[in-house]
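3D model of this:
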Amino acid sequence: MILADTIRGFAFRSYIQPVKAKNSFRRLLVTIVAGDVVRGMKLKNRAPAVCGAIDASKFCSDNNLQLVKRSGPKHGLTATWQFLV
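Below is the predicted model of the structure:
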């Protein structure tokens, strides 16, 4: 498995799946911060990889998400995404 797929899997299991499991009646916003993913996965100097993996349209399409807002640097720890789950 390539790193990008591993990152997307971690982000889905850690941020998206818990919200989907708790609430199946209405759509909610979920926020993901690149630095949280880097720390959660114990990666070092991999913020660009995290940003690339989550920025990929594959993350939204595979998980039935809608990107509402993307803010912060293109490849930094403070990059933030808000998804409608």
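
When you work out contacts or count neighbours from here on, use the C-alpha atoms and nothing else.
Noted.

downstream neighbour of the helix-or-strand element of the chain with minimal mean pLDDT in the secondary structure list?
None of the helices or strands of the chain scores lower by mean pLDDT, DSSP states H and E than helix 17-22, at a mean of 86. Of the helices and strands lying after helix 17-22 in sequence (DSSP states H and E), the nearest is strand 29-33.

Tell me which helix or strand comes right after that next one.
Trace forward from strand 29-33 with DSSP H and E and the next one is helix 34-40.

which helices and strands does whichever helix or strand comes after that next one pack with?
Once helix 34-40 ends, the next helix or strand along the chain (criterion: DSSP H and E) is helix 47-55. Contacts defined by 3 or more C-alpha pairs under 8 Å, 6 or more residues apart in numbering; DSSP states H and E place helix 47-55 against helix 3-11, helix 34-40.

do you know which of those helices lies nearest Phe83?
When the helices and strands packed on helix 47-55 are compared by C-alpha to C-alpha, helix 3-11 sits nearest Phe83, at 11.7 Å.

relative to helix 47-55, how tilted is the closest one?
If you take axes from the mean of the first three to the mean of the last three C-alpha atoms, to 10 degrees, helix 3-11 sits at 70 degrees to helix 47-55.

contacting residues around helix 3-11?
For helix 3-11, contacts defined as C-alpha atoms under 8 Å, 6 or more residues apart in numbering pick out Ile32, Val37, Met41, Ala49, Val50, Gly52, Ala53, Ile54, Phe59.

Distance to Phe12 and neighbour count added to those residues, as TSV?
Output for the contacts of helix 3-11, formatted as TSV (distance: C-alpha to C-alpha, whole Å; neighbours: other C-alpha atoms under 10 Å):
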residue	distance to Phe12	neighbour count
Ile32	10	21
Val37	11	22
Met41	13	14
Ala49	16	18
Val50	13	26
Gly52	15	16
Ala53	12	20
Ile54	10	21
Phe59	8	21
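
Show me the two of those residues that sit farthest apart.
Applying C-alpha to C-alpha across the contacts of helix 3-11, the maximum distance is between Met41 and Phe59, 17.2 Å.
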